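Student: have a look at this prediction, sequence included:
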Amino acid sequence: MFEMTGGMAPPRAPLTCLIVDDSAFMRFHLKRLMDAFDNVVAREAANGNEAVTEYARFKPDIVLMDIVMPGLGGIETVKQICEHDPAARVIMISSLSYHEKVEEALAAGARCFVAKPVTTEQLRQAIDRAFTAAA
Amino acid sequence: MRLEVVKAFRDSTGEMLQQIVGPVDDVAAMAMHPTPLAGREVTTVIAVDGEARGRVTLDMDSATAMRLAGRLLDEPPAMMTPLAESAIAELASMIIGHAISTINDQGRRVRMEPPVIGDGGLACAEVCFETLTFPVQTPFGEVRVNVMIHDLD
């Protein structure tokens, strides 16, 4: 669904993305990975509360969400976002990838889960899944 | 400290460093110390809670931290910027998070807190736990993982 830079696809609306992680490095890294795709507009939030506010304001096509964050954690943030917008496409990205945590994230409303460290190809596949998975 | 907990941290240290920063020596030489070790110049601390409680630290000297941050950022930083510190803290978080995932998949319930990064003084604790240390030689210098966890059962 998403093409790497250099493709000859016709112009289309930008893919909008909200990156939520308390780590400045992870926001930098995920932004860098997203820049490998054509026509992406990314915004950032450093915690769950910021993410809820930014989501309501920005209504991004996808959200990349960390789990372990100070204050409002990623799972609770997904719940809040999905309560207001059940069609939200949230991809959880976390080093905490044990079975129960993945199930908890999906039950909260996330469309899919990627374990850190994440690669460009894993991110591309996750974005495709987020668009095709049922809300 | 139970063997499966120790093994999860040891295996995760090797696997994650290999994936993230490149080839590393085998994590073979573990050492047990009766109290926490003084941290080196750049120390990341992650608190652990649940059925096992304590802290895990990842420490290294400044030169190694600069080189590792350069690898993670794809550009050597001129100094230890907040972004470079964040890269080192995230490296620790991925190592510990991966280990905690393995421990939870084995049926134990253990949680982790976000990482805190600072100098060696961060390694000091009011409560003294025995410390299990894994030094790992990476292409960028030595990284040491220190596990200070009290098993609650």
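Tutor: Looks like it came in fine. Numbering: from 1, shown residues only, chains lettered A, B, ... in the order given.

Student: list the buried residues of the top helix by length along chain A.
Tutor: Ranked by residue count under DSSP state H, the longest helix found in chain A is helix A:120-132. Within helix A:120-132, the residues scored as buried using 16 or more other C-beta atoms under 10 Å in any protein chain shown are A:122-124, A:126-127, A:129-130. Any C-beta I mention is one placed from the backbone N, CA and C, and that applies to glycine too.

Student: would you turn those residues into a markdown table with distance to residue A:31 and pLDDT?
Tutor: Putting the buried residues of helix A:120-132 into a markdown table (distance: C-beta to C-beta, whole Å; pLDDT from 0 to 100) gives the following:
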| residue | distance to residue A:31 | pLDDT |
| --- | --- | --- |
| A:122 | 16 | 95 |
| A:123 | 11 | 96 |
| A:124 | 15 | 95 |
| A:126 | 16 | 96 |
| A:127 | 14 | 95 |
| A:129 | 20 | 95 |
| A:130 | 17 | 95 |
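
Student: for those residues, which one is nearest chain B?
Tutor: When the buried residues of helix A:120-132 are ranked by distance to chain B (C-beta to the nearest C-beta), residue A:122 comes first, at 12.1 Å.

Student: where does chain B get nearest to chain A, residue-wise?
Tutor: residue B:97 (2.7 Å).

Student: which stretches of chain B have low pLDDT?
Tutor: Along chain B, the model assigns pLDDT under 70 to residues B:1, B:26-28, B:120-129, B:152-153.

Student: if we can go back for a sec, with distance to chain B added, can I get the buried residues of helix A:120-132 in CSV?
Tutor: Formatted as CSV, these follow (distance: C-beta to the nearest C-beta, whole Å):
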residue, distance to chain B
A:122, 12
A:123, 15
A:124, 18
A:126, 17
A:127, 21
A:129, 20
A:130, 22
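
Student: helix, strand, or coil at residue B:8?
Tutor: Of the three states, residue B:8 takes helix under DSSP: H, G, I helix; E, B strand; the rest coil.
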